[in-house]
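Peer 1: next input, structure requested:
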Amino acid sequence: MPDQQTRSLKILARVQAMVSGLIAIGIFAIYGFKPALLPDTSISLAAAILGTLGVVYFLTLHQVLARSRMAFSTLILTIITAANVILIIASTGGLDSPFYSLWLLAIVVAGVFGTAETLGVLGLTIAYYLYVLIGQGLHSPYTKDHLIQLGITLIAGALAEWVHGRNRQASMAGSKLETLSGQLSTEQLKAEAVMSSIGEGVMVIDGSRRIQFFNKAAQDLTGWDESSAQNIDYNLVLQLKAANDQPLTKVTDPFAASWEKQETIVRDNLVMTTRSDRKIQLSLSVSPILDGNKHPNGAIALFRDISKEKEVERQKDEFVSTASHEMRTPVAAIEGYISLAMNPNVATIDDRAKKYLEKAHETIAHLGELFRDLLSVTKAEEGMLGAKIEPINMAKLMQDVTEDLQTIATKKNLALVYQIGPQSGKAIAPLFYIAANAERMREVVMNLIDNGLKFTAAGGVKVTIEGDNKEVTVSIADSGVGIATEDMPHLFQKFYRIDNSATRTIGGTGLGLYLCRQVIELYNGRIWVESKPGEGSTFKFKLPRLSQSEVDRMIAEASAPPATNATPAPAAPGAVVQPTAPAATSGSAGPMPAAIPTPVPTEQSTKYNSGRTVQ
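Peer 2: Below you'll find the model as predicted:
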């Protein structure tokens, strides 16, 4: 029961006890000194006794019952008081009694307990009026006055019930509000306790890019206290840079990427400068906060210090790099000796020994491939994949790689199809120039096509290139059984291989796709996979496209003689020339497109079933 209602009932009980006491004292006093003043002595004494009973009840039982059932106990006291009022009215003239106004007060008081109580009192009132009117007859000179009095009584009861009804609604609303307020306060305390106990830094940013929440772990990591960080730009607190100490761009900034893509972005290659100028390596997860129109209206960031993990990883990679480099020499020597043993001009062996040597040669070649990939991974993680950047016509590179791998496809009875744009057959190819290293891009394309051929049992692989004024898009689609949804987020991680019965026996290092991602992202591109079980898989990547003016400028800079009086500063590893303007015409980077014929094999229209593991 709300406190306000309890207080009201307490006041009502006291008032009724006082009224009952005064009535009892008054009647007993009159009876003692001038009994003739009492119109009906027996009824008056009954009223005095009821008044005394009301006072006794208030002082005894009411004090006990009120602790647990205040409303019920007050109702009993009200009934006693109402009966007392009825006796007084009856003993002093009935409907013509000067104390009739007390009955109106009884009607108002009844409304405190509810509609049923009000209707009960009004019912008793109407019954008494009918009793009096029938007893006196309808032609009594007071009938009209009594009917007017009844109307006033009913109107007073209706008004009292309306007022009490509004009060009850307000009381219920207040009770619900208090309950909700208590629940919200409890949930807020729980949320604050959880946020404070989280070991990771938690930061909430509003639509103005200002910090609104900053937990204790975030304060410990950044060196900023909550009061200082509150309502200031998050960039002033985090001070993020890339792992190579370069400022963040729109592509590498996790906050900008999260707001643009409207999805959670995770980065583990960031460096943060604390308030005390200490640099720590950071793992950062940013989730956007969207408003009702799905527009970014802030973000929630979780971050933690991974400097120790990165140091352990660096030491591990250094060991792997050293070991791989040292092992390449003996592996190359073993491969050379096996080749000599298999050469009929150098050695003579029988067919059984030759078969054994062929198996050994395949194994040692796979081992050499593993060492090569391990070294490439180490270079990628140390930011050393960058090499000479030059304009590359991806259409020509794709055609060359496809032709080189036709032999492997033919041995497996697979169709390897290359096409320009969505239409198959011969086409006039635009000059799809990008800024990259040709050898690195060749490795990426060969890796993706080789994956498709390696893990497709029947059917084929289709290689497609297309683009617009801003980007070049390459896709490699196979006719395999597809990739499960739960495997797709992990495909571009180191050493990840899908483990199922259809692919378990196929070899691979599990590093190919990881290296592909490193190279594509190095040149400001992105790579992803689209697949459904039973419908094959399509690997795609996009890279910024160069305009013809940028191609001419890069070629001119590469062919220009070095300055005699100054030595040009070397380009930073992995530096990429960004496009500065779109091509003059849509679909072409230059004025004269080159004709590139599509290889003889045509696109296979039949769907095939095959196993697939991603290397």
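Peer 1: which strand or helix spans I30?
Peer 2: Element membership of I30 [criterion: DSSP states H and E] is helix 3-33.
Peer 1: and what of S549?
Peer 2: helix 548-559.
Peer 1: and that helix, what's its mean pLDDT?
Peer 2: Averaging pLDDT along helix 548-559 gives 84.
Peer 1: residues of that helix that come out buried?
Peer 2: Q548, E550, V551, M554 (16 or more other CB atoms under 10 Å). C-beta here means a position set from N, CA and C on the backbone, and glycine is covered the same way.
Peer 1: and for stretch 357-371?
Peer 2: L357, H361, I364, G368, L370, F371.
Peer 1: just the residues you listed: which are in strands?
Peer 2: If you go by DSSP state E, the buried residues of stretch 357-371 have nothing in strands.
Peer 1: closest one of those to V121?
Peer 2: L370 (95.9 Å; CB to CB).
Peer 1: mean confidence for the helix holding I30?
Peer 2: Helix 3-33 comes out at a mean pLDDT of 76.
Peer 1: after it comes which helix or strand?
Peer 2: Defined by DSSP H and E, the subsequent element after helix 3-33 is helix 41-59.
Peer 1: only C-alpha atoms, please: export that next one in PDB.
Peer 2: Output of helix 41-59 as PDB, limited to C-alpha atoms (Å, rounded to 0.1, in the frame of the first residue of the first chain):
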ATOM      1  CA  THR A  41     -33.700   8.000  25.200                       C
ATOM      2  CA  SER A  42     -33.200   4.300  24.100                       C
ATOM      3  CA  ILE A  43     -31.900   5.200  20.700                       C
ATOM      4  CA  SER A  44     -29.700   7.900  22.000                       C
ATOM      5  CA  LEU A  45     -28.100   5.600  24.600                       C
ATOM      6  CA  ALA A  46     -27.500   3.000  21.800                       C
ATOM      7  CA  ALA A  47     -25.700   5.700  19.900                       C
ATOM      8  CA  ALA A  48     -23.600   6.600  22.900                       C
ATOM      9  CA  ILE A  49     -22.700   2.900  23.400                       C
ATOM     10  CA  LEU A  50     -21.700   2.600  19.800                       C
ATOM     11  CA  GLY A  51     -19.600   5.700  20.100                       C
ATOM     12  CA  THR A  52     -17.900   4.200  23.200                       C
ATOM     13  CA  LEU A  53     -17.400   0.900  21.300                       C
ATOM     14  CA  GLY A  54     -15.800   2.800  18.400                       C
ATOM     15  CA  VAL A  55     -13.300   4.500  20.800                       C
ATOM     16  CA  VAL A  56     -12.500   1.200  22.500                       C
ATOM     17  CA  TYR A  57     -12.000  -0.500  19.200                       C
ATOM     18  CA  PHE A  58      -9.600   2.200  18.000                       C
ATOM     19  CA  LEU A  59      -7.500   2.000  21.100                       C
END
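Peer 1: so which bits of it are buried?
Peer 2: For helix 41-59, by 16+ other CB under 10 Å, it's 43-48, 50-58.
Peer 1: mind giving me the packing neighbours of it?
Peer 2: helix 3-33, helix 70-91 (3 or more CB pairs under 8 Å, 6 or more residues apart in numbering; DSSP states H and E).
Peer 1: quick one: the strands in the stretch 451-600 of the chain?
Peer 2: 460-467, 471-478, 526-531, 537-544, 594-596 (DSSP state E, counting those that start in this stretch).
Peer 1: out of the ones you listed, which gets nearest to S8?
Peer 2: When these are compared (using CB to CB), the closest one is strand 526-531, at 68.3 Å.
Peer 1: the strands of the stretch 451-600 of the chain into JSON lines, with extra columns for mean neighbour count, mean pLDDT and distance to A415?
Peer 2: Formatted as JSON lines, the strands of the stretch 451-600 of the chain follow (neighbours: other CB atoms under 10 Å; pLDDT from 0 to 100; distance: least, CB to CB, whole Å):
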{"stretch": "strand 460-467", "mean neighbour count": "23", "mean pLDDT": "90", "distance to A415": "3"}
{"stretch": "strand 471-478", "mean neighbour count": "22", "mean pLDDT": "92", "distance to A415": "11"}
{"stretch": "strand 526-531", "mean neighbour count": "17", "mean pLDDT": "90", "distance to A415": "19"}
{"stretch": "strand 537-544", "mean neighbour count": "21", "mean pLDDT": "92", "distance to A415": "16"}
{"stretch": "strand 594-596", "mean neighbour count": "13", "mean pLDDT": "36", "distance to A415": "19"}
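Peer 1: okay, those strands in TSV with distance to L453 next?
Peer 2: TSV is the format used below for the strands of the stretch 451-600 of the chain (distance: least, CB to CB, whole Å):
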stretch	distance to L453
strand 460-467	6
strand 471-478	8
strand 526-531	16
strand 537-544	13
strand 594-596	22
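Peer 1: how's the protein carved up into domains?
Peer 2: Split into domains by automatic domain parsing, the chain comes to 3-178, 201-305, 311-381, 390-558+572-596.
Peer 1: possible to save the helices and strands packed on helix 41-59 as JSON lines with mean neighbour count and distance to A158?
Peer 2: Converted to JSON lines, the helices and strands packed on helix 41-59 look like this (neighbours: other CB atoms under 10 Å; distance: least, CB to CB, whole Å):
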{"stretch": "helix 3-33", "mean neighbour count": "16", "distance to A158": "21"}
{"stretch": "helix 70-91", "mean neighbour count": "21", "distance to A158": "19"}
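Peer 1: related to what we said a few turns ago, ok, the buried residues of helix 548-559 vs A218, which is closest?
Peer 2: For the buried residues of helix 548-559, the nearest to A218 is E550 (42.8 Å; CB to CB).
Peer 1: deepest in the core, which of the domains of the chain is it.
Peer 2: Burial of the domains of the chain is given as mean neighbour count (mean count of other CB atoms under 10 Å); domain 390-558+572-596 ranks first at a mean of 18.
Peer 1: please verify my assumption that L284 contacts L270.
Peer 2: Yes - between L284 and L270 there is a contact under CB atoms under 8 Å: 5.7 Å.
Peer 1: can you list residues touching both of these two?
Peer 2: Common neighbours of L284 and L270 are listed as L240, P254 (criterion: CB atoms under 8 Å, 6 or more residues apart in numbering).
Peer 1: fine, thanks again, bye for now.
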